[in-house]
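Peer 1: Pasting the sequence and the predicted coordinates here, then a few questions.
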Amino acid sequence: MTDSTPPTPSPPALAARLLVRRGAFRLGLDLTVAPGEVVALLGPNGAGKSTALRALAGLTPIVDGHIHLDGTDVTTAPVERRPIGMVFQDYLLFAHLSALENVAFGPRCQGVRRREARARAAELLERVGLANYAAARPRSLSGGQAQRVALARALAVAPRLLLLDEPLAALDAHTRVTVRSELRRHLAGFGGATVLVTHDPLDAMVLADRVTVVEDGSVVQDGPPADIARWPRTDYVARLVGLNLYRGTASGTHVALAQAAVPRIVTASAHSGEVFVAFPPSAVALFREPPEGTPRNMWPVTVEGIDRLGDQVRVHLRGEVALSADITPAGLAELGADVGDRVWAAVKAAEVACYPA
Ligand SMILES: Nc1ncnc2c1ncn2[C@@H]1O[C@H](COP(=O)(O)OP(=O)(O)OP(=O)(O)O)[C@@H](O)[C@H]1O
C-alpha cells in the first residue's frame, strides 16, 4: 500500500513573535524563517530593526511573545545559551586578540578544547579567505577583512540562527560591492536561519531570499525581493525602489486616486476595488504643451526640483499628482524647463502596474 500522506513541511528554523518596548517605542513583529533562508529586515532609521535583532539575541527583553529555534523554546534562555551567531554593525572584534583568537573565542566559551577551537577557527578563516591573517590584530585589518573575521567568529559557534546588523554599513562603496557578493556566497552555504538588518535596499535585494519591511515597529510588507521591488505597498518602499506609487479605487481600467484631485489613472488591465498603481520615473514623458495623439495619462505639473541621477536627470514634479520623471540631459535641455515651470507629465497606460491593496 502506498502512503498518500503529503510530506510534512520542515519546521521553521526560527519562529518568533516579538513584543518589545523601548521607552515610548513599541515593536510588534512576527518572524518565521526556514532552514537555509535569509530574511532581510529593511526599514528606515528608528523603525525597530536593531531592536528586533537584539530581542532575538536575548540582549533586549521581550514583554510578550516567544522565540523558537528548531522547535526549542529559547524565549527565556540567557544570551550565551542561545545557538546564535551575531555580526554587529561595527564588528566589535576583541582588539587585544588575534583574528584566530577572535574566531576561536566563541567555541572556547562553549567549552570546546583550545586545540580544537583553534583548528575550527583556522578552518573558518580559510573559508573566508583570511588564512594568512590568523595572527593579525583587528586594528591592522581592512574594513572588509574585519567584516570577514566577524562573520567567521559568528559561524564558529555553529549557530542555528545568524543575526547580521547592517553587516556592510561600515565599508566604503568599493569594498562593499566585493564583500556583499562574498557574504551572499557564505550565507548560501549556511544551513540555519539568517536574519539581517539593513536600510540599504540593494543589500536586501542581493542578500535576502525574503524581505520584511519594518516601519514604526510593525511589518508593512513581506515577500521575495522581486515582489517588493515590483509591487511596493508604502511610500517608503516605493521611494526605495524608485517607483511612483498611488493608492485608489479601481473600476475597470480606471483608478480613482485616494489622495489626489486628479480624476483618474488609466491602466492597461482591468481591476476592481482598492488597488495600488505604480510606474517607474523612466515611464514619465514631459512636454511643454499637451501632446496630441494616443490616449494616456496626462497631468499639468510644476517642476519642484531637478537632480542628477547617473546619466539621467530626475525631475521632481508636483501638481494634482506628485511624481518623479527620469529623462536624459538632452531631453531636459529640449524641454527647456527649470524649477517653478509648468509642464505636462504623460504616462502610457501600458506602463502602469496595478495590484490589489
Ligand atoms: N535604549 C533605548 N531606550 C529607549 N528607546 C530606545 C533605545 N534604543 C532605541 N530606542 C528607540 O527604539 C526605536 C527603534 O530603534 P532601533 O535602533 O531598533 O531602530 P532601527 O530600525 O534599527 O534604526 P537604525 O537603522 O537607526 O539603527 C527608536 O525610536 C529609538 O529611539
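Peer 2: That came in fine, so what should we check first? Numbering: from 1, shown residues only.

Peer 1: residue boundaries of the helices in the stretch 201-350 of the chain?
Peer 2: Using DSSP state H, counting those that start in this stretch, the helices found in the stretch 201-350 of the chain span residues 201-207, 225-230, 235-240, 329-335.

Peer 1: Just send these back as a markdown table, with distance to residue 158, mean neighbour count and mean pLDDT too.
Peer 2: In short, each C-beta sits where N, CA and C put it, glycine included. Listed next are these as a markdown table, based on distance: least, C-beta to C-beta, whole Å; neighbours: other C-beta atoms under 10 Å; pLDDT from 0 to 100:
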| stretch | distance to residue 158 | mean neighbour count | mean pLDDT |
| --- | --- | --- | --- |
| helix 201-207 | 21 | 20 | 87 |
| helix 225-230 | 28 | 17 | 86 |
| helix 235-240 | 35 | 18 | 88 |
| helix 329-335 | 54 | 14 | 92 |
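
Peer 1: host element of the residue of the stretch 51-200 of the chain found nearest the ligand?
Peer 2: When you check the stretch 51-200 of the chain against the ligand by C-beta to the nearest ligand atom, the closest residue turns out to be residue 51, at 3.3 Å. Using DSSP states H and E, residue 51 falls within helix 49-57.

Peer 1: Against which helices or strands is that helix packed?
Peer 2: Counting contacts by 3 or more C-beta pairs under 8 Å, 6 or more residues apart in numbering; DSSP states H and E, the secondary-structure elements packed against helix 49-57 are strand 14-22, strand 25-33, strand 38-42, strand 84-87, strand 161-165, strand 193-198.

Peer 1: Out of these, which is closest to residue 65?
Peer 2: Comparing the helices and strands packed on helix 49-57 by their distance to residue 65 (C-beta to C-beta), the top pick is strand 14-22, with 3.8 Å.

Peer 1: could you list every residue that touches the nearest residue to residue 81 once chain neighbours are set aside?
Peer 2: Spatial nearest neighbour of residue 81, excluding adjacent residues (C-beta to C-beta, 6 or more residues apart in numbering): residue 74 at 7.5 Å. Residues touching residue 74, when contacts are defined by C-beta atoms under 8 Å, 6 or more residues apart in numbering, comprise 58, 67, 68, 81, 82, 83.

Peer 1: Now rank these by neighbours and give me the top one.
Peer 2: With neighbours set by other C-beta atoms under 10 Å, the maximum within the contacts of residue 74 is found at residue 67, which has 24 neighbours.

Peer 1: What pLDDT is listed against it?
Peer 2: As predicted, residue 67 sits at a pLDDT of 96.

Peer 1: what's the domain layout of this structure?
Peer 2: Structural domains of the chain, as assigned by automatic domain parsing, span the residue ranges 14-239, 242-356.

Peer 1: most packed of these?
Peer 2: Looking across those with neighbours counted as mean count of other C-beta atoms under 10 Å, the highest average goes to domain 14-239: a mean of 18.

Peer 1: where does the stretch 1-150 of the chain dip in pLDDT?
Peer 2: 1-9 (pLDDT under 70).

Peer 1: and residue 126, what helix or strand is that in?
Peer 2: Residue 126 belongs to helix 114-127 when elements are defined using DSSP H and E.

Peer 1: now for the helix or strand following that helix, which elements pack on it?
Peer 2: Taking DSSP H and E as the definition, the helix or strand that follows helix 114-127 towards the C-terminus is helix 143-156. In terms of contact count using 3+ C-beta pairs under 8 Å, 6+ apart, helix 143-156 is assigned the packing partners strand 84-87, helix 99-109, helix 114-127, strand 161-165, helix 173-188.

Peer 1: Make JSON lines out of the ones you listed and add distance to the ligand.
Peer 2: Formatted as JSON lines, the helices and strands packed on helix 143-156 follow (distance: least, C-beta to the nearest ligand atom, whole Å):
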{"stretch": "strand 84-87", "distance to the ligand": "14"}
{"stretch": "helix 99-109", "distance to the ligand": "24"}
{"stretch": "helix 114-127", "distance to the ligand": "27"}
{"stretch": "strand 161-165", "distance to the ligand": "8"}
{"stretch": "helix 173-188", "distance to the ligand": "17"}
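
Peer 1: quick revisit: off-centre distance for the helix holding residue 51?
Peer 2: 15 Å (C-alpha atoms, centre = their mean, to the nearest Å).

Peer 1: That helix to strand 25-33, inter-axis angle?
Peer 2: 60 degrees (axes from the mean of the first three to the mean of the last three C-alpha atoms, to 10 degrees).

Peer 1: What would helix 49-57 look like as PDB? C-alpha coordinates only.
Peer 2: Provided in PDB are the C-alpha atoms of helix 49-57 (Å, rounded to 0.1, in the frame of the first residue of the first chain):
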ATOM      1  CA  LYS A  49      15.200  46.600  13.100                       C
ATOM      2  CA  SER A  50      18.100  46.600  15.600                       C
ATOM      3  CA  THR A  51      15.700  46.200  18.400                       C
ATOM      4  CA  ALA A  52      14.300  43.100  16.800                       C
ATOM      5  CA  LEU A  53      17.800  41.600  16.400                       C
ATOM      6  CA  ARG A  54      18.700  42.400  20.000                       C
ATOM      7  CA  ALA A  55      15.500  40.800  21.200                       C
ATOM      8  CA  LEU A  56      16.200  37.600  19.100                       C
ATOM      9  CA  ALA A  57      19.700  37.500  20.600                       C
END
